[in-house]
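Engineer: coordinates only, sequence not included:
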């Protein structure tokens with residue numbers, strides 16, 4: 001009887017969990033706003049990744065939706081965090097700083113500065129090190145574009 005009860009509870013627990021519908025926040029493009037113009041300055045590679053993420057919203061034809069303009073300034077710094085006994089770098093810190101402004105009808109609504117960083121190990125193979133840095137920059141840029149979208153969504157909710 002006890003095993004039957006445990007199986008029944010486990011069955012209902014699995015049934016309830018499978019009925020939940022998980023959706024990532026940024027997977028749907030059903031936003032209540034439109035991005036008109038984006039002006040970029042700074043690091044080209046970071047700006048290109050952010051632009052690609054924001055262009056998905058920009059391209060949508062949304063009649064009657066709120067329209068926003070963005071100014072985005074990016075910069076990156078690569079710092080040595082630790083060195084070995086010879087003075088060669090062991091760990092690096094890649095810091096991406098982004099300043100962005102959101103405006104609507106030539107009225108400034110939000111100014112924000114984001115600082116994202118990632119500490120990673122040095123690699124003897126410089127090609128692998130460069131590829132690793134590229135992946136880190138892509139991930140940090142993705143997070144920055146998601147933060148910008150969240151900021152616009154929060155403005156739109158108010």
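Structural biologist: Received it, and whenever you're ready, just let me know what you need. In this text, all values refer to a predicted model and were calculated from it rather than measured experimentally.

Engineer: can we go C-alpha only for contacts and neighbour counts from here?
Structural biologist: OK.

Engineer: ranges for the strands of this protein?
Structural biologist: Assigned by DSSP state E, the strands in the chain fall at 33-42, 66-83, 89-104, 107-121.

Engineer: shaky segments in the protein?
Structural biologist: Low-confidence segments of the chain (pLDDT under 70): 1, 15, 17-30, 58-64, 156-158.

Engineer: Tell me which residue is most central in it.
Structural biologist: For the chain, the residue nearest the mean C-alpha position is residue 143 (1.5 Å; C-alpha atoms, centre = their mean).

Engineer: Deepest in the core, which of the strands of the chain is it.
Structural biologist: Highest mean neighbour count among the strands of the chain (mean count of other C-alpha atoms under 10 Å): strand 89-104, with a mean of 18.

Engineer: for that one, packing partners?
Structural biologist: Here strand 89-104 touches strand 66-83, strand 107-121, helix 126-157, going by 3 or more C-alpha pairs under 8 Å, 6 or more residues apart in numbering; DSSP states H and E.

Engineer: Neighbouring strands - and their directions - for it?
Structural biologist: Using DSSP bridges, strand 89-104 pairs in its sheet with strand 66-83 (antiparallel), strand 107-121 (antiparallel).
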